[in-house]
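In: Starting from these lines, generate the structure:
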Amino acid sequence: MRIEALPPPAQGEVDRLLQVVRHRVLHLLKKRGTLPAQGPEDAQQAYQAHSLHRRLR
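Out: Numbers count the residues shown, from 1 in each chain. Next up, the predicted model:
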């Protein structure tokens, strides 16, 4: 087996991957009823607040 180092991904590739993952995670959480159905930013803030609240308990 031969392992070769690859060049790092371009910033555009990283941005696109982040966009896809964010969309899929928010869609899944909305589908499961974990997030309110407002806009993605509202949903993300609600999820962060819920997560913080759970940690503080």
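In: which residues touch residue 54?
Out: Listed by Cβ atoms under 8 Å, 6 or more residues apart in numbering, residue 54 has no contact partners. Glycine gets a C-beta too; all of them are placed from N, C-alpha and C.
In: Any figure for the gap between residue 3 and residue 9?
Out: For residue 3, the distance to residue 9 (Cβ to Cβ, to the nearest Å) stands at 18 Å.
In: out of these two, which sits in the more crowded spot?
Out: residue 9 (11 against 4; other Cβ atoms under 10 Å).
In: any idea which helix or strand carries that one?
Out: Using DSSP states H and E, residue 9 sits in no helix or strand.
In: From residue 19, how far off is it?
Out: Distance, residue 9 to residue 19, by Cβ to Cβ: 14 Å.
In: Check residue 31 too.
Out: For residue 31 relative to residue 19 (Cβ to Cβ), the value is 19 Å.
In: So, low pLDDT: which residues of this protein?
Out: Within the chain, the stretches with pLDDT under 70 are 35-41, 43, 57.
In: Does the spatially most central residue of the chain fall in a helix, a strand, or a coil region?
Out: Centroid-nearest residue in the chain, with Cα atoms, centre = their mean: residue 22, separated by 3.5 Å. Taking DSSP: H, G, I helix; E, B strand; the rest coil as the rule, one finds residue 22 in the helix state.
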